[in-house]
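Q: For reference, the sequence and a predicted model appear below.
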Amino acid sequence: MPKPSGAPGGFKVIDWAGFTGAVSYTFDDSNSSQIQHYNELNALGVPFTFYLQTGKNESNDPVWQKALTDGHELGNHTKSHSSNDDGSDTDAATRFIEEKFGIKVWTMAAPNGSSTYTGIARTRFLINRGVANALIAPNDSTDPFTLPCYIPPTGASTAAFDEQVTTARSAKRWRTVLVHGFTGGSDGAFQPVQLSAFVDHVKHAKDLGDMWLDSVVNVGAYWRGQKAVTSGTKTESGGETTYKWQLPDNFPPGKYVRVTVTGGTLKQNGVAIPWDPHGYYEVALDPESVTLSP
């Protein structure tokens with residue numbers, strides 16, 4: 001698409017970076033069937049989020065370092081998987097992950113979906129994933145610290161998974177999916193599913209071609225970043241319009257949103273942002289401002 005040549009204006013953040021909708025696949029509990037089938041999962045070429053229960057020996061498995069190298073996210077699922085916590089168990093899991101893998105933990109998943117973790121996560125993370133199923137819309141009022149997700153029933157079919165993506169796609173929203181483990185394993189995973197059904201589903205979701213399949217931190221940062229920019233302030237001076245926003249606490253650095261305008265040129269720190277011929281400007285969130293000039 002050519003750079004817009006109309007009058008400067010029409011500043012708008014594109015939903016889901018230009019995709020129709022989004023899906024994030026998450027795996028809880030550091031279960032051994034996830035480790036056993038990691039190579040098949042990684043071969044799908046989709047960034048997943050693995051929420052580690054760090055009190056389990058499986059969290060020491062070298063597969064998690066490989067997962068980081070392969071582009072997946074490691075998140076916090078506490079040390080002990082208790083429904084109650086004063087924050088210390090959550091913090092112990094964060095220390096384990098950050099010290100062992102040398103990364104910053106940006107998101108967590110509440111054990112058993114306990115509401116205890118809504119308040120704990122609010123002061124520590126970008127997002128806390130819960131367990132109730134619902135879709136997430138751009139700029140909506142979904143609580144990022146009790147983010148909904150779909151948990152498939154035991155032995156769920158490919159069609160059951162596909163339906164969750166179909167509804168997200170039709171509604172142009174974000175769906176998160178939680179898989180605890182796979183049938184045939186000995187790890188006692190909650191409601192395990194067949195590996196083949198999950199693999200076939202993810203291949204189908206990829207083949208749709210217009211769904212953003214990515215980790216919770218990546219989609220979540222875009223979702224929360226869009227809301228920050230959209231709810232920010234706008235000032236006009238000397239023929240230029242400056243948009244300012246404030247990022248949430250515990251927001252990962254180096255994130256962007258994609259923006260369209262009716263005309264003009266967007267600048268950050270006095271430097272023009274190049275127009276992407278796919279149809280957008282890519283605006284860095286860290287500066288917390290962007291200026292639209294004639």
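A: Here it is on my side, so go on.
Q: use CA for all of it now, contacts and neighbours both
A: OK.
Q: any residues touching stretch 141-148, and which ones?
A: 115, 117-119, 121-122, 126-136, 175-176 (C-alpha atoms under 8 Å, 6 or more residues apart in numbering).
Q: Pull the distance from that stretch to the chain's centre.
A: In terms of C-alpha atoms, centre = their mean, to the nearest Å, the centre of stretch 141-148 is found 12 Å from the chain centre.
Q: Just the mean pLDDT for it, thanks.
A: Stretch 141-148 shows a mean pLDDT of 98.
Q: Equivalent analysis for stretch 270-277, please.
A: Stretch 270-277 shows an average pLDDT of 97 in the prediction.
Q: hang on, the earlier thing: can you select the buried ones from the contacts of stretch 141-148 in ChimeraX?
A: To isolate the buried ones among the contacts of stretch 141-148 in ChimeraX, judged by 16 or more other C-alpha atoms under 10 Å, type:
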select :117,118,121,122,126,127,128,129,130,131,134,135,136,175,176
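Q: and the contacts of stretch 141-148, which of them are in helices?
A: 117, 118, 119, 121, 122 (DSSP state H).
Q: before we move on, the earlier item: narrow the contacts of stretch 141-148 to those in strands?
A: In strands, judged by DSSP state E, the following of the contacts of stretch 141-148 are found: 127, 128, 129, 175, 176.
Q: could I get those as a markdown table with distance to residue 212?
A: Converted to a markdown table, the ones in strands among the contacts of stretch 141-148 look like this (distance: C-alpha to C-alpha, whole Å):
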| residue | distance to residue 212 |
| --- | --- |
| 127 | 18 |
| 128 | 20 |
| 129 | 18 |
| 175 | 10 |
| 176 | 12 |
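Q: With distance to residue 235 and pLDDT as new columns, can these be given to me in TSV?
A: Formatted as TSV, the ones in strands among the contacts of stretch 141-148 follow (distance: C-alpha to C-alpha, whole Å; pLDDT from 0 to 100):
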residue	distance to residue 235	pLDDT
127	30	98
128	34	98
129	36	98
175	35	98
176	36	98
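Q: Closest to residue 45 out of those?
A: residue 176 (17.2 Å; C-alpha to C-alpha).
Q: how far away is the closest one from residue 214?
A: 10 Å (C-alpha to C-alpha, to the nearest Å).
Q: Spit out the residues that contact those two alike.
A: With C-alpha under 8 Å, 6+ apart as the test, residue 176 and residue 214 both reach 23, 24, 25.
Q: What strand or helix carries the last one?
A: So that's residue 25. Taking DSSP states H and E as the criterion, residue 25 maps to strand 21-28.
Q: partners of that strand in the sheet?
A: Applying DSSP bridges, strand 21-28 is found paired with strand 49-52 (parallel), strand 174-179 (parallel), strand 211-213 (parallel).
Q: what does the second one contact?
A: This points to strand 174-179. Applying C-alpha under 8 Å, 6+ apart, the contact partners of strand 174-179 are 21-28, 134-137, 148-152, 164-165, 168, 192-193, 216.
Q: Against residue 61, how distant is the most far-flung residue of the chain relative to its centre?
A: In terms of distance from the mean C-alpha position of the chain, residue 238 ranks first, at 38.5 Å (C-alpha atoms, centre = their mean). As judged by C-alpha to C-alpha, residue 238 and residue 61 stand 59 Å apart.
Q: Equivalent analysis for residue 131, please.
A: Counting by C-alpha to C-alpha - residue 131 and residue 61 are separated by 26 Å.
Q: can you check residue 119 too?
A: From residue 119 to residue 61 the distance is 30 Å (C-alpha to C-alpha).
Q: can you check residue 149 too?
A: Per C-alpha to C-alpha, residue 149 is found 26 Å from residue 61.
Q: quick one: which of those two has more around it?
A: residue 149 (22 against 13; other C-alpha atoms under 10 Å).
Q: So that one sits against residue 132, correct?
A: Yes. Here residue 149 lies in contact with residue 132, judged by C-alpha atoms under 8 Å, at a distance of 5.7 Å.
Q: for the stretch 51-200 of the chain, what spans make up the helices?
A: Counting by DSSP state H, counting those that start in this stretch, one finds helices in the stretch 51-200 of the chain at the ranges 63-69, 88-101, 116-122, 158-171, 195-208.
Q: any idea how far the first one is from the chain center?
A: So that's helix 63-69. Distance of helix 63-69 from its chain centroid, counting by C-alpha atoms, centre = their mean, is 18 Å.
Q: now what about it, what contacts it?
A: By C-alpha under 8 Å, 6+ apart, helix 63-69 touches 35, 38, 42, 73, 74, 101.
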